[in-house]
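Asker: The sequence and its predicted three-dimensional model are supplied below.
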Amino acid sequence: MILGIDQSLTSTGMVLLRETGQEELVTTIKTGKLRGVERLDFIIGSICSVIEPWKVTKIGMEDYAFSGNQGFSLGELGGVIKYVLFKKYGIKPVIIHNTKIKKWATGKGNANKNLVMLGTYKKYNVELKNDNEYDAYNIAKIVYWLNMDKNPQCVLTKQEKEVLDSIPMQ
């Protein structure tokens, strides 16, 4: 199973794909009024509650996108997630920059959130709840394709191939 994570302090999107690329689970972790270590614990616990029963073997997550005064907290969250994934499951997640997610969904690395959601809807015919789920969906699809054998019958756009070629495998 493949898990895409768009980590956020308030609304983390997660998408679980089968090895066939079909979605199994789409969800958002809402932290409400939690702060500090309690919030980190809640997010990690929620991620682990998906990894364990579904036997996830591949994970992708969005690279850090520091904005405003939340930069240190977002870095802390990303670091804790990566640490737990490695320490508990031996998984090093594939880290995908947000410009690569945008390019995958729309063909352009500078697309805004609304265009990413629209592009994902048109590309995969999925209606999700929020931009975090749309990002997680694209992250999961990128990880899926990174693990596919690239034979000549693979139907990928030029932009999709560029995205895949630009992501270092762990």
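Answerer: Structure received.

Asker: For the protein, just list every one of the strands.
Answerer: For the chain, the strands defined by DSSP state E occupy 2-6, 11-17, 23-30, 58-62, 94-96.

Asker: Redo the ones you listed as JSON lines? Include distance to residue 145 and mean pLDDT.
Answerer: (C-beta placed from N, C-alpha, C; glycine too.) JSON lines is the format used below for the strands of the chain (distance: least, CB to CB, whole Å; pLDDT from 0 to 100):
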{"stretch": "strand 2-6", "distance to residue 145": "10", "mean pLDDT": "97"}
{"stretch": "strand 11-17", "distance to residue 145": "11", "mean pLDDT": "96"}
{"stretch": "strand 23-30", "distance to residue 145": "14", "mean pLDDT": "94"}
{"stretch": "strand 58-62", "distance to residue 145": "11", "mean pLDDT": "96"}
{"stretch": "strand 94-96", "distance to residue 145": "11", "mean pLDDT": "96"}
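
Asker: Save those strands as TSV, and put in distance to residue 141 too.
Answerer: Formatted as TSV, the strands of the chain follow (distance: least, CB to CB, whole Å):
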stretch	distance to residue 141
strand 2-6	7
strand 11-17	7
strand 23-30	9
strand 58-62	9
strand 94-96	11
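
Asker: To residue 129, which of the ones you listed lies closest?
Answerer: Residue 129 lies closest to strand 23-30 among those, at 6.2 Å (CB to CB).

Asker: Distance from the chain centre to the closest one, please.
Answerer: Remark: strand 23-30 is offset 11 Å from the chain centroid, using CA atoms, centre = their mean, to the nearest Å.

Asker: Now for residue 63: which residues touch it?
Answerer: 95-98 (CB atoms under 8 Å, 6 or more residues apart in numbering).

Asker: rewinding a little: for the strands of the chain, which one ends up most surrounded?
Answerer: Using mean count of other CB atoms under 10 Å, the stretch among the strands of the chain with the greatest mean number of neighbours is strand 2-6 (a mean of 28).

Asker: ok, it: who's next to it in the sheet?
Answerer: Under the criterion DSSP bridges, strand 2-6 sits next to strand 11-17 (antiparallel), strand 58-62 (parallel) in its sheet.

Asker: Quick check: which of those is nearest to residue 123?
Answerer: strand 11-17 (13.9 Å).

Asker: Run the chain-centre distance for the closest one.
Answerer: Counting by CA atoms, centre = their mean, strand 11-17 comes out at 7 Å from the chain centroid.

Asker: what's the neighbour count on residue 43?
Answerer: 23 (other CB atoms under 10 Å).

Asker: no, scratch that, I was asking about residue 143
Answerer: When neighbours are counted by other CB under 10 Å, residue 143 comes out with 22.
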